[in-house]
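Colleague: sequence first, predicted model second:
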Amino acid sequence: MPSTHWILASIAGVSSLAGAVQTAEQAPDAQMRRPYIVQLAAAPLATYTGGVPGLAPTAAQGQRLDTRSEAARRYTAYLEERQGAVLALVAGAPVQYRYTVTLNGFAAMLTPAEVARLKAHPEVTQVSPSTMEQVNDGNGAGGQRQLPPDNQR
């Protein structure tokens, strides 16, 4: 018959293994990547009115934005360079998209630690979770279209 000490030692060993398994299961959640949109401080192409030495304004009031102009190409290169500098903080994070025209930023799959690093950077103004939203188009639930009453058609 096993001694009481051996039984207690076995129970303690199994308990410590259960704790190790729980810790290992929790670790991936802390490293799980989720989609985020990161907005940077510099003005996007559509609203840049100047201020960066050597770069002409791209947003002339009352004029249509020409994304193919020399000023637009140079400012876009500047934005992409600044985005690259910020992305260096989260090297290895999958970048889903870069925005330069109406928003200066990027969409990336980030861990909570990467989100914290980005939020602390002076060029980052906002880090927001990216979510899919279903638009209510007024057609009713289940794809059924609501029609106006017969006397209003």
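Modeller: All right, it came through fine. Numbering: from 1, shown residues only.

Colleague: can you say which helix or strand has Leu118 in it?
Modeller: Under the criterion of DSSP states H and E, Leu118 resides in helix 112-119.

Colleague: run through who's touching the helix or strand that that helix is followed by.
Modeller: Where DSSP H and E defines the elements, the next helix or strand beyond helix 112-119 is strand 124-129. The contact list for strand 124-129, computed with C-beta atoms under 8 Å, 6 or more residues apart in numbering, reads 34-41, 86, 110, 115, 118-119. Every C-beta, even on glycine, is put in place using the N, C-alpha and C of the backbone.

Colleague: let me know how buried the nearest residue to Ala72 once chain neighbours are set aside is, in neighbour terms.
Modeller: Distance criterion C-beta to C-beta, 6 or more residues apart in numbering; nearest residue to Ala72, sequence neighbours excluded, is Thr58 at 5.0 Å. Neighbourhood size, Thr58 [other C-beta atoms under 10 Å]: 24.

Colleague: good, we can wrap up now.
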